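[1] this one's sequence-less:
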Ligand code: SAH
Ligand code: SF4
């Protein structure tokens, strides 16, 4: 089976030459895919009919299909199936989750994508972590989430209240769905190259965010790559022990070393880091946590996102009450820490990304 969206434009052009086609066939295909979101080769009418017929049974440009969607006020969650039967998710958010908020109705949408089917890291608060791990996603499986989301938006204009006439409706992509992007870095990086390619999806690097649980080696490679993709780090506790309890990966990627890698990143790039902090009642919402955050974040240019824990069935953790959230924000303020409170978006459909298990629990989800 041919999976041509796993290739860069340059690789596809070379392949065309190898198979005796002019290299510009590659550009024609990319134009259909990335400006019209058309992935059915038969609809690419400027390609020779005979060649289209030949390719028909062997070429798969879109290795996912949408099998379900769930709508909420502020988000739409899409459930996909891979060719080998794994289930993954993406979430269309009506506001930019990872960066600044905006109420501008003309603002485009943020898409939260998955990088793996499941996740091997097993953070104790996370539904994806609970599900376990199947495999890394291929480049074209990452890209297909974007193409299918664009198609979905086009087919449901009323849902998003968009008045945009541009073909691309998504303005930001965040790798905050299922999986740890730095454990599938090669494919994530290649997908980003296509998403930012002027002849591809043509999204600015700054409009892409990678969220990591704190994989130090990945952060080092990311620093060296030196593209202005934004970095978000899931922190969840300012203390080594607290982090290890919540995130087993912190045992092999200890807090001190993580912070050092982040310092090197910031020294090298000058870019701000977003820290994500899920607030869990009685676990990391004390005054000393706020104090710890102050010490930890002092040397950084940062954005701190406080996200009240979104309950997951079968996980024995508690969402803090509104009052407790307010108190914690006050602790932070007193410690001189600037923070932004993120609503757990689309609570009913658990759109805080990465919560697939919670969601479609009554149907068979195969990882
Ligand atoms: N693996 C990466 C990216 C995917 S998880 C990472 O951990 O950063 C994306 C975000 O969803 C992370 O910040 C994670 O902490 C958050 N998340 C997971 N479970 C959650 C829950 N129950 N409530 C709120 N946020 C959650
Ligand atoms: Fe994996 Fe991120 Fe969930 Fe942790 S929070 S289990 S790293 S997806």
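    Looks like it came in fine. On a predicted model such as this, the values are computed, not experimentally measured, just so you know. Ligands and ions are numbered 1, 2, ... in the order given.
[2] quick one: low-confidence ranges for the stretch 201-350 of the chain?
    344-350 (pLDDT under 70).
[3] near ligand 1, which residues of it?
    211-213, 234, 276, 278, 307, 309-310, 312, 344 (C-beta under 6 Å from any ligand atom). Using the backbone N, CA and C atoms, a C-beta is placed for each residue, glycine as well.
[4] are any of those residues buried, and which?
    The neighbour-count test (16 or more other C-beta atoms under 10 Å) applied to these identifies 211-213, 234, 276, 278, 307, 309-310, 312, 344 as buried.
[5] residue closest to the middle of this structure?
    Centroid-nearest residue in the chain, with C-alpha atoms, centre = their mean: residue 175, separated by 1.7 Å.
[6] how close does that one get to ligand 2?
    10 Å (C-beta to the nearest ligand atom, to the nearest Å).
[7] repeat that for residue 197.
    27 Å.
[8] hang on, the earlier thing: now for the residue nearest to the centre of the chain: which residues touch it?
    Residue 175 sits next to 112-113, 115, 181, 188, 208-211 when contact means C-beta atoms under 8 Å, 6 or more residues apart in numbering.
[9] just name the closest of the residues you listed to ligand 1, please.
    residue 211 (3.8 Å; C-beta to the nearest ligand atom).
[10] helix/strand/coil for that closest one?
    Taking DSSP: H, G, I helix; E, B strand; the rest coil as the rule, one finds residue 211 in the strand state.
[11] so it sits against residue 177, correct?
    No - the criterion here is C-beta atoms under 8 Å, and residue 211 misses it with residue 177 at 9.2 Å.
[12] turn the residues of the stretch 201-350 of the chain next to ligand 1 into CSV, columns for secondary structure.
    Formatted as CSV, these follow (three-state DSSP):
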residue, secondary structure
211, strand
212, strand
213, coil
234, strand
276, strand
278, strand
307, strand
309, coil
310, coil
312, coil
344, coil
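[13] need the next SSE after the host helix or strand of residue 52, C-terminal direction.
    If you go by DSSP states H and E, residue 52 is part of helix 49-55. The helix or strand immediately downstream of helix 49-55 is strand 64-71, counting by DSSP H and E.
[14] may I see the buried residues of that next one?
    So for strand 64-71, counting by 16+ other C-beta under 10 Å, buried means 64, 66, 70.
[15] closest one of those to ligand 1?
    Distances from ligand 1 to those, taken by C-beta to the nearest ligand atom, are shortest for residue 70, at 16.7 Å.
[16] for that closest one, name its beta-bridge partners.
    Here residue 70 sits in beta bridges with residue 77, going by DSSP bridges.
[17] that one against residue 77, yeah?
    Yes - at 4.6 Å, residue 70 counts as touching residue 77 under the criterion of C-beta under 8 Å.
[18] distance of the residue of the chain most remote from its centre relative to residue 236?
    Most distant from the centre of the chain: residue 50, at 38.8 Å, with distances by C-alpha atoms, centre = their mean. Taking C-beta to C-beta, to the nearest Å as the measure, residue 50 falls 57 Å from residue 236.
[19] same thing with residue 322?
    Distance from residue 322 to residue 236, by C-beta to C-beta: 20 Å.
[20] and the two? Which one has more around it.
    residue 236 (27 against 9; other C-beta atoms under 10 Å).
[21] touching, the more buried one and residue 285? I think so.
    No - using C-beta under 8 Å, residue 236 and residue 285 do not qualify as a contacting pair, with a distance of 11.2 Å.
[22] which residues are in contact with the closest residue to residue 194 other than its chain neighbours?
    Leaving aside its chain neighbours, residue 194 sits nearest to residue 200 (4.5 Å; criterion: C-beta to C-beta, 6 or more residues apart in numbering). By C-beta under 8 Å, 6+ apart, the contact list for residue 200 reads 9, 30, 34, 193-194.
[23] switch the cut-off to 7 Å
    Neighbour list for residue 200: 9, 30, 34, 194 [criterion: C-beta atoms under 7 Å, 6 or more residues apart in numbering].
[24] what's around the second one, how many residues?
    It refers to residue 30. Residue 30 is flanked by 21 other residues according to other C-beta under 10 Å.
[25] got the domain ranges for the protein?
    The chain breaks down into these domains under automatic domain parsing: 4-55, 64-361.
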